[in-house]
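[1] here is the input, now give the coordinates:
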Amino acid sequence: MFTPTIFLPEVNTSKKTVFIDDSKVHHLKNVLRIKDLDSVNISNGIGELFFGRLVKDHVEIKSQKKYSRKNEISIFVPYLREKNRFRFMIEKLVELNVYKLFIGKTQNTQNTKFDIQKIHNWAISAVEQSGTPFFPKIEITDSINYTIFNSCFDISGDTFDKKKAKIKAFAIGPEGGWTKEELSNFQYKYKISDFSLRTDTAAISAVSLIM
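    Predicted coordinates:
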């Protein structure tokens, strides 16, 4: 049975009663059809889940559990012009529990930009839908930090082998591909497939392979 999750980074771990705002109460009762005394979880985004039940405008906490990340993956992804695909990519990366999510421009990135709050809202939605106890650190950047990201995925790279390639930080290129100049800045280049993948497909596939 599906148990809804609420993202509350400011939850007081010493309290047994957690009050929630009207918008979340409305969503639980009118959208998800959750009734009083039904189970509700709370995620603080830093590895803890609190298990309780809804009572009017608050959640009565019954127990809690702390989780540890299996992998601390950092990924750089470019903006995508198509909003639905961009949102899908962000949500799936959150569900896969990436540790740090850098979003920015490359030389071939299309001239598109989304408000950081909108991106955060998509990430929150993914946390609440999946029930994960983790929320990624999200950073908007105008350029790639090659000190952090010395690895990338590109069709010109070596076939990725998880046993040999121990990487935790990597970059995914734009729809138009990396430029020769950009590729020369990466120390390691890997490919997932012999065929071109869309940016969102490559990002989700790469994280899944590394996990």
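[2] mind giving me the packing neighbours of the longest helix along the chain?
    Longest helix in the chain by number of residues, with DSSP state H as the criterion: helix 116-130. Counting contacts by 3 or more Cβ pairs under 8 Å, 6 or more residues apart in numbering; DSSP states H and E, helix 116-130 packs against strand 5-7, helix 83-95, strand 137-141. Every residue, glycine included, has its C-beta placed from N, CA and C.
[3] for the ones you listed, which one sits closest to residue 75?
    helix 83-95 (6.6 Å; Cβ to Cβ).
[4] now do the strands in this protein.
    5-7, 17-19, 39-43, 48-55, 58-66, 74-78, 100-104, 137-141, 151-159, 169-172, 188-191 (DSSP state E).
[5] buried set for the longest helix of the chain?
    By 16 or more other Cβ atoms under 10 Å, the buried positions in helix 116-130 come out as 119, 122-124, 126-128, 130.
[6] in TSV, list the residues you listed along with pLDDT and distance to residue 161.
    What follows is the buried residues of helix 116-130, written out as TSV (pLDDT from 0 to 100; distance: Cβ to Cβ, whole Å):
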residue	pLDDT	distance to residue 161
119	95	32
122	97	32
123	97	30
124	96	35
126	97	29
127	97	32
128	95	36
130	95	29
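[7] next, format the residues you listed as JSON lines and append distance to residue 64.
    Formatted as JSON lines, the buried residues of helix 116-130 follow (distance: Cβ to Cβ, whole Å):
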{"residue": "119", "distance to residue 64": "28"}
{"residue": "122", "distance to residue 64": "26"}
{"residue": "123", "distance to residue 64": "22"}
{"residue": "124", "distance to residue 64": "20"}
{"residue": "126", "distance to residue 64": "21"}
{"residue": "127", "distance to residue 64": "16"}
{"residue": "128", "distance to residue 64": "17"}
{"residue": "130", "distance to residue 64": "18"}
